[in-house]
Every structure is written in structure tokens, then in C-alpha cells.
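# Starting from these lines, generate the structure:
(one chain, ligands or ions: 1)
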Amino acid sequence: MGTFNQKRVIITGASSGIGAALAKQLAGSGATVFLVARRKNRLEAMARAHRGPIGAMHAVEGDVCAKPASMNSIERLALEVNRLYGPAHLVVANAGFGVTGSLDSLTLADFRRQFETNVFGVLRTAMAFLPQLKETRGTLVLVSSVAGHVAPPGVSPYTMSKFAVRALAESIRAELAPHGVKVVLVSPGFIDTEIHQVDNQGAIHEAAIDGAPRWLMADAATAARAIARGIRWGRAEVVVTWHGKAIVLLTRLAPWFIRLLSRFMASTPSPSTPTAPSQKARPVPRKSARKKTPRDRAPSRRRG
Ligand SMILES: NC(=O)c1ccc[n+]([C@@H]2O[C@H](COP(=O)([O-])OP(=O)(O)OC[C@H]3O[C@@H](n4cnc5c(N)ncnc54)[C@H](OP(=O)(O)O)[C@@H]3O)[C@@H](O)[C@H]2O)c1
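Numbering: from 1, shown residues only. Reported below is the predicted structural model:
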């Protein structure tokens, strides 16, 4: 994709973090961006604030976990965008959150909840827009993580989901190439976003403090610029942050070192363990969030 000017772009998870920053970046480059997330008020504020001479933003309430027949499903959204504006050129399956904890503190339901958003939500997005991307010979971007290359202790649901997204990207890239559809895998390291505010149930704790080391973190705008560059240049994978690149390289060149590091991390409190969502901080309810249990408030490791 040489230029974003006048391209129709769908971004899921556009109400904060990487998705919001990428939406601003692409709209600023002339794209018409459909912002998809559950918090429509945030999307509307972003769309109102966009003042570029070119490009546009449209706020669309959507839940990547919603059933196809629901008003806010990704399938319905795909049909509406096609009917009203025409087929999408670029689809970014970015919506996600992190379920963390040691295996003995988790249930099957925790893993299922994680997969419902991070894996099936990505899959639903890809499937819903695939016919349009074939029509435009467009680009599908799947947001995984450096945790899709390396699996540190204490984050097994999250890292399993991100490995699955990477596997999906690698598998369908060759399948879709004859149709002219490019697949770009995005693997960020630590990015300064709101991901640490979201607990295992998907409830938000606005007062939660991110425990990831600040010196390792990149801001979301920097990540968005790197991702946009990778899409423009038709890269197979965009690894964001220098430490992310170093970790991915180490998993290939020195897997024994990564295993050693994991053992060390498992035996010591992780420096990236965030302050647990504050007990005083009131969770902001999301439609999909269920009643919290004491286990939900246990300290969790940083996703990312
Ligand atoms: N930050 C990092 O360090 C890091 C590192 C590696 C990978 N990533 C990945 O990057 C992606 C974006 O995360 P972020 O860091 O930008 O976190 P974030 O600031 O918490 O953003 C997550 C976005 O996903 C949306 N979302 C969550 N569940 C959704 C659902 N069911 N349907 C629609 N939208 C949903 C949220 O919007 P609503 O709540 O409004 O729906 C929000 O806009 C995720 O896939 C994450 O795993 C992040």
C-alpha cells in the first residue's frame, strides 16, 4: 500500500492506545478511518477533534465479541461500510486486552474469555472483511505482540492468544497472496497505553499504575508511525520498540537464554508487575464485564 490517501480503513480497538494513535496517523495521511470500539463516546470525541485538511474519521460502536446478528457486530459493520462507502482497503484487527496470572490461579473460563477477544475477535474481523479486501487487493493487519514470540511466566492466556494471532498471520499470508491481499503482522513491545488498566474480566481501573519499566516503553504515536511505515512498505512483520526487536532476535538465536530468563522471572517478583488495580479505584463497567471476584483484584503481570 503506497499511500493512505483516500483509502477506507477499519481499525478495531480505536478508542485508546495503539488503535487510537494509528487512526490519527492514517487520517492525517488522508485516509477515511472507521473507528471501532465499544466506548462510542470516545470515538465520537476523536472524530470531532479530527481537523486535518484531508482524511476523515467515523465513529462506529462495535464489539468484536458480539454475535453476527447483533447491531454492534463486526459482520454487520462490514456490510454497512461496504454498502454506504464501498469496500475497505485496509483492516487493522487491533482490539485486545490481557488476562494474566499463574496457571493455578486461573480457570478455563479465563482462557476462553481471553481467546474470545484476542483470537476469535481478530478472526471475526478478518473473515468479515476478507471479501472486501479481495476486491480492493488491500491489506489485513493483525496485531499480536512480542508476547507472540516469547512466553514469559505469569501471562499464559495472553501469550497463548498472541502466539495464535501470529500463527494465523503466517498461515494466511501465503493463502491470500494470490488474491492480492497482503497480511502484516504487528508485534509491539511495551507501549504506553491503557492496557494495564483493564483487568482479567475486561473491567477498567482508571487509577491503575503501569508497572512496566518506563525506560523500555515507547509512546503510542511512535508505535503508530512505525506501524504505518511497515504497512506502506508492505512488510510481513513490524516489531515495535528496540527491546522488542532484541527479544524476537534472541528467541531465534539463543532460545536457551530466553528459557533462563523465564526461570529467573518466575522465581523473582517481576519488575514489570504492575501495581494491582487499586482497590479504591472504581472499575468503569463495560458491557461485557461481569461481577468481580476477589481473584480478579490480585496483582497481575503486565500485558504487552
Ligand atoms: N500496550 C502494549 O504494551 C502492547 C504490547 C503488545 C501488544 N499490544 C496489543 O495492542 C493492541 C491494542 O492494545 P493497547 O495497548 O492499545 O491497549 P488499550 O489502550 O487498552 O486499547 C485496547 C482497545 O481495544 C478495544 N477493545 C477491547 N475489547 C474490545 C472488544 N470486545 N470489541 C471492540 N474493541 C475492544 C478497547 O476499546 P473499548 O474498551 O472502547 O471497546 C480499546 O480501544 C492489543 O491487541 C494489545 O494486546 C499492546
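# Name the residue of the stretch 51-200 of the chain that lies nearest to the ligand.
The stretch 51-200 of the chain approaches the ligand most closely through residue 96 (2.4 Å), counting by Cβ to the nearest ligand atom. Quick note: C-beta positions are derived from backbone N, CA and C, even for glycine.
# And for that residue, nearest residue in space, chain neighbours not counted?
residue 118 (4.6 Å; Cβ to Cβ, 6 or more residues apart in numbering).
# Can you read off the pLDDT for that neighbour?
Listed pLDDT for residue 118 reads 98.
# gap between it and residue 158?
From residue 118 across to residue 158, the span is 7 Å (Cβ to Cβ, to the nearest Å).
# likewise residue 98?
Taken as Cβ to Cβ, the span from residue 98 to residue 158 is 4 Å.
# More neighbours: which of the two?
residue 158 (30 against 26; other Cβ atoms under 10 Å).
# how about the more buried one, what does it touch?
98-100, 114, 118, 145, 147, 303 (Cβ atoms under 8 Å, 6 or more residues apart in numbering).
# quick revisit: three-state assignment of the residue of the stretch 51-200 of the chain closest to the ligand?
Under DSSP: H, G, I helix; E, B strand; the rest coil, residue 96 falls in the coil class.
# Now do the same contact list for it.
Shown in contact with residue 96 (Cβ under 8 Å, 6+ apart): 13, 117-118, 121-122, 143, 161, 195.
# if we can go back for a sec, I'd guessed the residue nearest to residue 96 sits against residue 166; true?
No: applying Cβ atoms under 8 Å as the test, residue 118 and residue 166 come out as separate, 11.5 Å apart.
# neighbour-wise, which of these two wins?
It is residue 118, of residue 118 and residue 166, that has more neighbours when counted by other Cβ under 10 Å, with 28 against 18.
# what about the lengthiest helix in the chain and the ligand, any contact?
The residue-count maximum for a helix in the chain (DSSP state H) belongs to helix 156-176. No: judged by Cβ under 6 Å from any ligand atom, helix 156-176 makes no contact with the ligand; its nearest approach is 6.8 Å.
# Convert the C-alpha atoms of that helix to CSV, please.
Once non-C-alpha atoms are left out, helix 156-176 reads as follows in CSV (Å, rounded to 0.1, in the frame of the first residue of the first chain):
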residue,chain,number,x,y,z
SER,A,156,-0.1,-17.7,29.7
PRO,A,157,-3.6,-16.7,28.5
TYR,A,158,-2.3,-13.5,26.9
THR,A,159,0.8,-15.0,25.4
MET,A,160,-1.2,-18.1,24.0
SER,A,161,-3.6,-15.7,22.3
LYS,A,162,-0.8,-13.7,20.8
PHE,A,163,1.0,-16.8,19.5
ALA,A,164,-2.3,-17.8,17.9
VAL,A,165,-2.6,-14.4,16.1
ARG,A,166,1.0,-14.8,14.8
ALA,A,167,0.2,-18.3,13.6
LEU,A,168,-2.9,-17.0,11.8
ALA,A,169,-0.9,-14.3,10.1
GLU,A,170,1.8,-16.6,9.0
SER,A,171,-0.6,-19.2,7.7
ILE,A,172,-3.0,-17.0,5.8
ARG,A,173,-0.3,-14.7,4.2
ALA,A,174,0.5,-17.2,1.5
GLU,A,175,-3.2,-18.2,1.1
LEU,A,176,-4.2,-14.6,0.4
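# ok, the contacts of residue 96 vs residue 54, which is closest?
residue 13 (23.9 Å; Cβ to Cβ).
# Can you tell me the closest non-neighbouring residue to that closest one?
The shortest distance from residue 13 to any non-neighbouring residue, by Cβ to Cβ, 6+ apart, is to residue 95 (3.3 Å).
# Buried subset of the contacts of residue 158, written for PyMOL?
This is the PyMOL syntax for the buried subset of the contacts of residue 158, where burial follows 16 or more other Cβ atoms under 10 Å:
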select buried, resi 98+99+100+114+118+145+147+303
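# if we look at the ligand, which of the contacts of residue 158 are close to it?
residue 145.
# So which of the contacts of residue 158 sit within helices?
residue 114.
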